[in-house]
Every structure is written in structure tokens, then in C-alpha cells.
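Undergrad: Dropping the sequence and predicted coords here.
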Amino acid sequence: MQSQQAGPRADKQRQVGGRVAFRRYSILLASLLLIHSAAPQEVKSPRDGIGGFRTIQVASLGDGIGADALRARVINRLQRDGRLKIVEDRSAADVILRGSSSIWATGAMAFNPHSKAAREVSYQGYLSVELLGKADQTLWSYLVTPSRFRTASITDDLADHVVARLLDALATGAAGSSSPIAASPGAGVALHAAGATLPAPLYRKWIESSGMRVTYDAIGSEAGIARLAEGKVDFAASDMPLKPGDSSGNLRVIHFPTVLGGVVPIFNLPSTGRTLRLTPEILSGIYSGAIRKWNDPRIIEINRGARLPDSDIAVIYRSDGSGTTFVWTSYLSLSSPQWKSSVGAGVRVRWPVGAGASGNEGVAELVAKTPNSIGYVELIYAIQHELSYASVRNAAGEFIKADLASITAAAAGASVSPGEEFRSSILDSRNKGAYPISTFTWLLIPAEGVSPEKRSAMADWLKWALTSGQKQCASLGYAPLPSEIVNSELKSVSKWKMGGQ
């Protein structure tokens with residue numbers, strides 16, 4: 001399999017509707033804006049290292065707009081901290097920081113509504129990084145998007161955030177070693193899985209990094225469960241846990257959460273020039289057809305100053321049986337009694353309005369080419385397609401945009417009681433700073449009827465995913481599982497490997 005660069009790969013050529021001419025213009029503005037981020041700063045002499053490491057090479061952080069400025073800012077901030085020596089020779093580095101990045105214009109706001117002469121261009125972007133050891137093993141990873149209350153340039157904001165997270169991970173020991181799966185009776189066994197598209201980018205990365213012979217078909221949660229029931233795959237992936245007592249056909253399964261994700265409302269409004277705020281009531285109103293215009297007073301009320309068009313909202317939903325749809329409609333059902341009674345939650349529902357597309361990828365692509373549209377996808381698909389996504393009011397009354405911190409906050413304190421088989425929900429969390437449409441995603445493993453060789457192979461891959469694999473989650477926008485849940489799962493995996501349930 002071809003090696004993947006750390007972090008998501010955005011399609012640089014995608015232009016949406018009327019954004020083509022504007023983006024060409026904004027590239028020049030972005031380049032001018034980013035130059036100052038490499039300005040010289042006070043540099044300290046290296047001290048005794050941090051986390052057992054003394055030297056670091058900062059490799060490429062991408063090849064797009066602002067990548068060189070991001071790298072220069074990261075190096076500058078590490079030099080100012082002084083605990084790591086920057087080296088250019090990879091062989092002299094204890095650790096290597098590499099990554100990918102993209103910065104793009106999302107719109108412009110006019111200071112004078114009657115003149116286009118004075119406009120402020122708004123930018124969005126990401127910086128995804130991995131910290132590698134000398135054997136190229138992932139020690140730590142992270143993905144940052146612009147801060148909620150950004151005051152510096154976007155390059156300074158992204159780079160400073162990454163360096164702060166990196167230094168904290170090194171100081172606390174969170175940047176630790178990882179390794180391929182050790183030889184076992186099932187190490188050479190080929191495994192086949194299918195299911196959810198929400199975690200597909202991460203699962204493909206895990207398969208490559210683990211060295212195991214695993215293939216994964218991202219066909220949606222419903223189809224993956226059906227293939228498992230038919231005996232066509234060895235295990236399935238789903239964003240929807242089966243209810244206690246349910247089964248996949250005649251086959252009993254065990255749930256193993258693998259990672260935390262966030263489902264975000266994406267939109268295509270090039271003229272807005274800012275991030276939207278949306279409430280659960282507005283989202284259910286849009287998807288039920290009760291709110292049909294972007295300049296509806298209920299949307300304007302919480303987005304004062306935004307340029308909202310007098311245009312119909314083009315609603316996009318998943319047409320296939322989808323765990324992402326289950327998460328989205330479950331959230332709307334929790335937030336709106338009317339939605340719960342009229343539409344409800346499920347992998348498929350009778351949508352009152354809109355047009356369908358298959359998979360997270362399909363929804364992202366359709367929103368990207370449809371002006372005035374709204375859809376829902378897992379966070380990484382919004383970032384990969386350079387799409388704007390809204391902040392959503394959580395149960396604590398805060399408007400929160402999905403990122404690693406807010407998704408992690410949603411799972412704070414989450415636990416699994418005996419007998420629940422790790423089916424806990426973190427939707428609409430009341431935790432402060434929590435993104436409300438956050439979720440676990442699960443692997444469904446047959447409880448019985450598995451050969452000893454395949455049982456050993458699946459258990460080993462699961463153990464790797466729950467340990468070394470967790471260090472790779474963040475570079476793709478997924479949040480690692482809470483350590484308490486990982487520890488409980490590892491015990492369950494060991495028991496299952498030995499033939500228990």
C-alpha cells in the first residue's frame with residue numbers, strides 16, 4: 001500500500017460555485033498575510049531536553065499556501081522554549097515533526113456595506129502533525145484548526161497551538177513509543193472488514209501502520225452489519241451500536257469502541273465571510289423543512305453581522321444506511337420532541353426535504369458543488385474538502401465548533417458499566433466545552449464461531465489499535481479514547497482472544 005502523508009489531503013483544485021475568481025484573488029492576500037509569521041524572535045539556548053529527547057527535526061508541514069510560514073513559526077517557537085535543539089540532519093534528530101497543512105479563504109466581510117473597496121478576507125485552515133521516533137514510529141499526533149477567539153494571524157495561531165500541545169505531550173509523557181504488531185499465531189492471517197465511512201480514513205491508516213493483512217470496505221454501517229450477518233466479512237464497523245439483545249442476524253457480536261468522532265453541519269455560503277452559529281432547534285427546523293431560507297429571522301438572530309442570502313436552503317442528507325445518519329438523527333431527536341415524533345432516529349429515515357448522497361464523501365462533494373447548501377459529515381471530511389462547518393449550541397448553552405478538544409470534552413467522565421458492552425453515548429454532553437454531536441464509533445466482533453487463527457489476528461489488531469493506534473488518531477481529526485475505557489477494552493479483548501465472551 002502506498003505510504004500516506006501525515007494528516008488529511010485536501011483537494012487543492014476544488015472550486016465551489018462563484019468562489020473561483022474570489023479564491024484566485026485571495027491567494028495573493030493570504031501570501032502577504034503569512035509573511036510576518038516568520039519574523040525573528042528571541043531565541044533561547046537549548047537546555048536539558050524534554051521527555052527524554054534533546055533534538056528535533058521539523059520536516060515539511062505541507063506544500064500549500066502558508067506551509068513554509070507555518071514551519072518557520074513552529075521552529076521559532078521551539079527555539080524560544082529552548083528545551084529542544086533544532087537540527088536539519090534527520091540522523092541527528094531524536095524525534096521528527098512532520099505534517100500537512102492547508103489555508104484557504106472562506107469569504108470576505110465589507111467594512112462599508114455600500115463599498116467593496118475595504119474588505120476583510122476570512123481564512124480557514126488546519127495544521128496536522130505527527131511526531132516520529134528514530135524508527136519512524138508514531139509517538140504523538142495532533143490536528144489543529146483556528147482557535148475560537150483568534151487574535152493572531154492564522155499561521156501564528158495554528159503553529160503556536162501545535163507547539164503548545166507538543167511540548168505538553170512531551171512533558172507529560174503522552175508522546176510515547178509505539179510499534180508494529182508482534183509476531184503471533186494470527187500475524188499472517190488475512191482479515192476482511194466493512195462498514196462505517198465515518199472512521200474509514202483512520203482505519204486505512206491503521207491497517208497500513210500495523211503491518212497486518214487487513215482490508216476495509218467503507219460501505220456504511222448498515223451494509224457492513226449486513227455483510228457480517230451473511231458471513232462475508234470477519235468483523236464490521238458501525239457508528240450505531242446494536243441495542244442490548246439485538247444480534248447481527250443469528251450472530252452475536254461484541255462492541256469495541258475504537259475512537260471518538262464529531263459529526264458537523266457543513267455549509268456552502270461563500271458570501272457569508274464568517275463561521276455560522278446554529279442551534280439544535282434551527283438544525284431540526286432546516287431538516288424538517290420548517291426553516292427554508294438562509295435569512296430566516298431565527299438564523300439571523302444568532303448570527304448578527306453575517307451576510308445571509310435570501311436564498312432557499314439546499315438540504316443534503318445520506319441516502320445510504322448510515323451510522324453518521326444515526327448519530328445526526330439521534331441528536332435531532334434528543335433536541336427536538338417534534339423531530340423525534342415525526343421523523344425519529346435511525347440509519348435510514350424518511351427525510352421531509354432535501355437530496356441524498358452516498359457516504360460521508362458523497363455528502364461532502366455534493367455540498368461543495370451546491371451553492372446555499374447544508375449537509376452533515378464527520379469532521380475529517382469537512383477539513384479534507386475545505387468546507388465551512390458551523391458551531392453548534394451545546395447543552396451548557398455554549399456555541400462550540402468541533403475540534404479535538406471539544407470532542408474530547410464530550411467524553412470526559414464517560415464510563416461503561418458491566419454488561420453494557422461499551423455502548424455508551426456521548427451525544428449532547430452537558431460537559432463544559434463539549435461539542436454536542438460527538439460519538440464513539442465501534443468495531444463489531446463476532447462473539448463466537450471464529451477460528452483460533454482469526455481470533456488471534458483480530459485480537460492482536462484490536463490491541464494495537466487501542467494502544468499504538470490511538471497515537472495516530474489526532475492527526476486525522478479523531479480524538480483518542482479515554483484511558484479508562486481503553487483499559488477496560490484491553491481486558492475484554494484478552495478474554496475474547498482466549499475464547500471467553
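TA: Received it, and whenever you're ready, just let me know what you need.

Undergrad: remind me which residues of the stretch 201-350 of the chain are low pLDDT?
TA: With pLDDT under 70 as the threshold, the stretch 201-350 of the chain has low-confidence stretches at 244-250, 273-274.

Undergrad: where along it do the helices fall?
TA: With DSSP state H, counting those that start in this stretch as the criterion, the stretch 201-350 of the chain has helices at 221-229, 280-288, 297-301, 323-335, 337-342.

Undergrad: can you pull the contacts of residue 262?
TA: Residue 262 makes contact with 378, 379, 402, 406, 407, 410, 435, 437, 438, 439 under the criterion C-beta atoms under 8 Å, 6 or more residues apart in numbering. Backbone N, C-alpha and C define where each C-beta goes, glycine included.

Undergrad: List the backbone torsions phi and psi for residue 423.
TA: Dihedral angles of residue 423 (phi, psi; degrees, to the nearest 10) stand at phi -100, psi 10.

Undergrad: residues in contact with the nearest residue to it once chain neighbours are set aside?
TA: Take residue 423 and drop its neighbours on the chain: the residue closest to it by C-beta to C-beta, 6 or more residues apart in numbering is residue 241, 4.2 Å away. By C-beta under 8 Å, 6+ apart, the contact list for residue 241 reads 255, 422, 423, 440, 442.

Undergrad: Just the buried ones among the contacts of residue 262, please.
TA: 378, 379, 402, 406, 407, 410, 435, 437, 438, 439 (16 or more other C-beta atoms under 10 Å).

Undergrad: In JSON lines, list these along with secondary structure, pLDDT and distance to residue 389.
TA: Formatted as JSON lines, these follow (DSSP: H, G, I helix; E, B strand; the rest coil; pLDDT from 0 to 100; distance: C-beta to C-beta, whole Å):
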{"residue": "378", "secondary structure": "strand", "pLDDT": "97", "distance to residue 389": "11"}
{"residue": "379", "secondary structure": "helix", "pLDDT": "97", "distance to residue 389": "8"}
{"residue": "402", "secondary structure": "coil", "pLDDT": "97", "distance to residue 389": "7"}
{"residue": "406", "secondary structure": "helix", "pLDDT": "97", "distance to residue 389": "12"}
{"residue": "407", "secondary structure": "helix", "pLDDT": "97", "distance to residue 389": "13"}
{"residue": "410", "secondary structure": "helix", "pLDDT": "96", "distance to residue 389": "16"}
{"residue": "435", "secondary structure": "coil", "pLDDT": "98", "distance to residue 389": "11"}
{"residue": "437", "secondary structure": "coil", "pLDDT": "98", "distance to residue 389": "11"}
{"residue": "438", "secondary structure": "strand", "pLDDT": "97", "distance to residue 389": "14"}
{"residue": "439", "secondary structure": "strand", "pLDDT": "96", "distance to residue 389": "16"}
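
Undergrad: List just the nearest of those residues to residue 353.
TA: Nearest to residue 353 among the buried ones among the contacts of residue 262 is residue 437, at 19.8 Å by C-beta to C-beta.

Undergrad: Now do the SS call for the residue nearest to residue 152 when sequence neighbours are not counted.
TA: Among residues not flanking residue 152 along the chain, residue 160 sits closest, at 7.1 Å (C-beta to C-beta, 6+ apart). Here residue 160 is helix, with the state taken from DSSP: H, G, I helix; E, B strand; the rest coil.

Undergrad: How are the strands of the stretch 51-200 of the chain distributed by residue range?
TA: 55-58, 85-86, 95-110, 119-132, 138-144, 191-195 (DSSP state E, counting those that start in this stretch).

Undergrad: Please apply the same query to the stretch 251-400 of the chain.
TA: 253-267, 277-278, 314-318, 355-357, 373-378, 388-389, 391-393, 399-400.

Undergrad: Name every strand pairing with the fifth one and say which way it goes.
TA: This means strand 373-378. strand 253-267 (antiparallel), strand 314-318 (parallel) (DSSP bridges).

Undergrad: So which residues make contact with the last one?
TA: Here strand 314-318 makes contact (C-beta under 8 Å, 6+ apart) with 220, 286-287, 289, 324-325, 351, 353-360, 362-363, 366-367, 370-376.

Undergrad: Now, of those, which are buried?
TA: Buried, going by 16+ other C-beta under 10 Å: 220, 286-287, 324-325, 351, 354, 357-360, 362-363, 366-367, 370-376, out of the contacts of strand 314-318.

Undergrad: packing partners for the helix or strand hosting residue 496?
TA: Counting by DSSP states H and E, the element that carries residue 496 is helix 483-497. Helices and strands touching helix 483-497, by 3 or more C-beta pairs under 8 Å, 6 or more residues apart in numbering; DSSP states H and E, are strand 253-267, helix 452-466.

Undergrad: Go through the last one and flag the buried ones.
TA: This points to helix 452-466. Buried residues in helix 452-466 (16+ other C-beta under 10 Å): 454-466.

Undergrad: Against which helices or strands is it packed?
TA: strand 191-195, helix 200-210, strand 253-267, strand 438-446, helix 483-497.

Undergrad: beta partners of the residue lying closest to residue 59 once chain neighbours are set aside?
TA: Closest residue to residue 59 apart from its sequence neighbours, by C-beta to C-beta, 6+ apart: residue 98 at 4.0 Å. Bridge pairing for residue 98 (DSSP bridges) gives the partners residue 130.

Undergrad: ok, residue 98 to residue 263 distance?
TA: From residue 98 across to residue 263, the span is 29 Å (C-beta to C-beta, to the nearest Å).

Undergrad: Looking at the two, which is more packed in?
TA: It is residue 263, of residue 98 and residue 263, that has more neighbours when counted by other C-beta atoms under 10 Å, with 31 against 20.

Undergrad: Hmm, the more buried one is touching residue 439, no?
TA: Yes. With contact defined as C-beta atoms under 8 Å, residue 263 reaches residue 439; the gap is 6.9 Å.

Undergrad: what do these two both touch?
TA: Common neighbours of residue 263 and residue 439 (C-beta under 8 Å, 6+ apart) are residue 327.

Undergrad: ok so, going back, considering the contacts of residue 241, which possesses the most neighbours?
TA: Highest neighbour count within the contacts of residue 241: residue 442, with 28 neighbours (other C-beta under 10 Å).

Undergrad: Burial check on residue 53, number of neighbours?
TA: Neighbours around residue 53, by other C-beta under 10 Å: 18.

Undergrad: how far away is the closest residue to it other than its chain neighbours from residue 123?
TA: Leaving aside its sequence neighbours, residue 53 sits nearest to residue 94 (C-beta to C-beta, 6+ apart; 4.2 Å). According to C-beta to C-beta, residue 94 stands 34 Å off from residue 123.

Undergrad: And for residue 214?
TA: Distance, residue 214 to residue 123, using C-beta to C-beta: 38 Å.

Undergrad: and what of residue 277?
TA: 19 Å.

Undergrad: Quick check: buried residues in stretch 198-206?
TA: Result for stretch 198-206 [16+ other C-beta under 10 Å]: buried residues 198, 199, 200, 201, 202, 203, 204, 205, 206.

Undergrad: you'd agree the fourth one is up against residue 379?
TA: What it means is residue 201. No. Assessed by C-beta under 8 Å, residue 201 is found out of contact with residue 379, at 10.5 Å.
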